[in-house]
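Trainee: Take a look and give me a structure for this.
(one chain, ligands or ions: 1)
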Amino acid sequence: MQRGTFQLMKTVNRSLILNKIRIAAPISRAGIAKETGLTPPTVSIIVKELIEQGLVEESKLGSSSGGRKPTMLHIRTDELFVIGVDAGPGTIDCILTNLTGEMLGVVSYPLSVHTNSEFLHQVIQAIQQLLDRHSMQTEQIIGIGVAMHGVVDAKTGVSLVAPLLGLHNIPIKQELENRFSIPVKVDNDARAMALGESWFGGYDMQDSMVAVNIGRGIGAGIIIGGKLFHGAAGLAGELGHMSIDPNGEKCACGNRGCLQTLASGPSIARRARTASGEAVYHAAKAGDEEAKIILEKTGQILGIGLVNLIHLLNPDRIILGGGVMESAAFLLPPLKEEIASRALTVEAAQTEIMVSRHGNRATALGAVALQLVDLFAPV
Ligand SMILES: [Zn+2]
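Mentor: Prediction:
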């Protein structure tokens with residue numbers, strides 16, 4: 001066997017074992033061998049390496065049907081950490097998690113920037129604050145994930161277009177790596193959120209799913225076969241710019257009647273003539289009929305957008321997140337009705353529609369997942 005092939009197999013086996021421990025912990029070496037189909041010596045050698053690298057540790061003794069109790073393994077949670085950044089447009093949220101995605105700390109403040117260097121400065125400040133607050137050395141951080149709205153070149157880690165901040169070509173990866181000497185990955189916010197939902201949601205990783213982020217803008221992250229789909233030029237999932245009304249309002253992108261002009265937070269606020277989508281939610285909750293009608297109409301429009309998505313991709317499930325989903329109680333019933341009445345088949349009508357369980361941290365957790373995927377399941 002060629003050495004290259006051997007190395008590749010070892011990498012594949014390593015991620016297979018690491019992922020098995022992540023999902024099935026506490027699990028014994030024998031249990032891993034049985035469930036992965038790898039031989040017990042292969043499992044032993046790789047587990048030894050994982051323990052030496054500080055990724056895995058032995059825990060309390062497991063139960064056994066007679067004889068010696070097996071030593072159980074789990075992912076180590078006190079040695080290495082990850083930083084996830086949800087970088088705007090309105091606020092910057094920076095979270096610290098362990099390797100299982102458990103949130104240990106957060107730094108959050110409003111983002112107000114006019115230039116690329118101001119933006120980078122604020123992101124660096126937030127990360128530094130998080131490190132200082134938890135007395136973390138950079139060697140303890142395996143990576144930083146950054147989720148950014150707009151068009152992102154995930155390979156180079158450059159934010160190509162950030163329309164809601166009015167910025168272009170921000171070299172996020174390069175600048176953060178220079179500053180912290182920690183590996184950095186950058187991706188679109190909805191895409192990061194989708195990965196986070198697939199990683200931390202407890203679903204089958206092979207599922208196909210779409211996560212839709214509905215806030216100041218609307219974007220979708222598409223997971224096919226457990227992997228993020230970027231498209232030919234990183235544009236996949238720009239659901240917010242799907243045309244719904246050819247004669248509708250002009251969108252920031254220059255087209256008319258995009259989904260974003262009809263169902264984003266600012267569009268809800270505009271129709272209700274209030275300051276924010278949040279204000280409309282509170283009014284509806286307090287019984288304001290006009291506010292309720294505006295949210296119901298928004299739910300219908302979102303339903304039309306999602307039915308188009310279902311017909312195009314036929315995902316197992318769609319997960320909705322972002323600030324606008326705070327109004328889920330008002331949006332979901334008309335949204336589901338719209339899907340039920342427009343879907344082509346019974347199966348399409350039954351596509352699972354859920355609201356993210358991670359609330360306003362869904363995107364930052366997704367940014368963490370950008371790094372964990374590399375550690376647990378490199379390709
Ligand atoms: Zn548009």
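Trainee: ok, T115 - how many residues close by?
Mentor: 12 (other C-beta atoms under 10 Å). To be clear about C-beta, it is placed using only N, CA and C from the backbone, and glycine gets the same treatment.
Trainee: What sits closest to it if chain neighbours are left out?
Mentor: Nearest residue to T115, sequence neighbours excluded (C-beta to C-beta, 6 or more residues apart in numbering): L167, at 7.5 Å.
Trainee: so that neighbour sits right up against L160, yeah?
Mentor: No - using C-beta atoms under 8 Å, L167 is not in contact with L160, being 9.9 Å away.
Trainee: So which of these two has more stuff around it?
Mentor: More crowded of L167 and L160, by other C-beta under 10 Å: L167, with 21 against 17.
Trainee: Alongside the ion, which residues does the stretch 101-250 of the chain contribute?
Mentor: H241 (C-beta under 5 Å from the ion).
Trainee: what about 8 Å?
Mentor: G240, H241 (C-beta under 8 Å from the ion).
Trainee: Could I get the full set of helices for the stretch 101-250 of the chain?
Mentor: For the stretch 101-250 of the chain, applying DSSP state H, counting those that start in this stretch gives helices covering 116-133, 172-180, 189-200.
Trainee: Give me whichever of those helices is most buried.
Mentor: Burial of the helices of the stretch 101-250 of the chain is given as mean neighbour count (mean count of other C-beta atoms under 10 Å); helix 189-200 ranks first at a mean of 28.
Trainee: what about that one, average pLDDT?
Mentor: In this model, helix 189-200 has an average pLDDT of 89.
Trainee: Repeat that for stretch 235-254.
Mentor: 91.
Trainee: Residue ranges in this structure under the pLDDT threshold?
Mentor: For the chain, the stretches flagged by pLDDT under 70 are 1-9, 60-67, 203-206, 378-379.
Trainee: Could you list the domains of it?
Mentor: 3-75, 81-194+363-376, 202-356 (automatic domain parsing).
Trainee: most packed of the ones you listed?
Mentor: Most buried among these, given mean count of other C-beta under 10 Å as the contact rule, is domain 81-194+363-376, at a mean of 20.
Trainee: Any idea how far apart the tips of that domain sit?
Mentor: End-to-end distance for domain 81-194+363-376: 14 Å, by C-alpha to C-alpha, to the nearest Å.
Trainee: same thing with stretch 97-115?
Mentor: In stretch 97-115, first residue to last residue: 29 Å (C-alpha to C-alpha).
Trainee: now E352, which residues is it bridged with?
Mentor: On the basis of DSSP bridges, E352 is bridged to R317.
Trainee: Correct me if wrong: it contacts I318.
Mentor: Yes - using C-beta under 8 Å, E352 is in contact with I318, at 7.1 Å.
Trainee: and the residue of the stretch 51-200 of the chain nearest the ion?
Mentor: P163 (9.2 Å; C-beta to the ion).
Trainee: Excluding chain neighbours, what is closest to D78?
Mentor: N98 (7.3 Å).
Trainee: my guess is the one you found contacts F81, does it?
Mentor: Yes - the pair N98 / F81 is scored as a contact, 5.8 Å apart, by C-beta under 8 Å.
Trainee: Would you mind putting the CA coordinates of whichever strand or helix holds I339 into PDB?
Mentor: If you go by DSSP states H and E, I339 is part of helix 328-342. Extracted in PDB, the C-alpha atoms of helix 328-342 (Å, rounded to 0.1, in the frame of the first residue of the first chain):
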ATOM      1  CA  ALA A 328     -42.900  32.400  15.300                       C
ATOM      2  CA  ALA A 329     -46.300  32.200  17.100                       C
ATOM      3  CA  PHE A 330     -47.800  34.500  14.600                       C
ATOM      4  CA  LEU A 331     -45.800  33.500  11.500                       C
ATOM      5  CA  LEU A 332     -45.800  29.800  11.600                       C
ATOM      6  CA  PRO A 333     -49.500  28.900  11.300                       C
ATOM      7  CA  PRO A 334     -50.100  30.900   8.000                       C
ATOM      8  CA  LEU A 335     -46.600  29.800   6.800                       C
ATOM      9  CA  LYS A 336     -47.500  26.100   7.200                       C
ATOM     10  CA  GLU A 337     -51.000  26.700   5.700                       C
ATOM     11  CA  GLU A 338     -49.400  28.200   2.600                       C
ATOM     12  CA  ILE A 339     -47.000  25.300   2.200                       C
ATOM     13  CA  ALA A 340     -49.900  22.800   2.700                       C
ATOM     14  CA  SER A 341     -52.000  24.400   0.100                       C
ATOM     15  CA  ARG A 342     -49.300  24.900  -2.500                       C
END
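Trainee: how about the helices of the stretch 101-250 of the chain in CSV, adding distance to R357?
Mentor: Converted to CSV, the helices of the stretch 101-250 of the chain look like this (distance: least, C-beta to C-beta, whole Å):
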stretch, distance to R357
helix 116-133, 23
helix 172-180, 28
helix 189-200, 9
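Trainee: on that earlier part again, mind giving me the packing neighbours of the helix holding I339?
Mentor: Under the contact definition 3 or more C-beta pairs under 8 Å, 6 or more residues apart in numbering; DSSP states H and E, helix 328-342 sits against helix 289-313, strand 352-355.
Trainee: gap between the shortest one and the chain center?
Mentor: In other words, strand 352-355. Taking C-alpha atoms, centre = their mean, to the nearest Å, one finds strand 352-355 lying 15 Å from the centre of the chain it belongs to.
Trainee: Not counting sequence-adjacent ones, nearest residue to E58?
Mentor: Closest to E58 by C-beta to C-beta, 6+ apart is T71, at 5.0 Å.
Trainee: From I214, how far out is the one you found?
Mentor: 47 Å (C-beta to C-beta, to the nearest Å).
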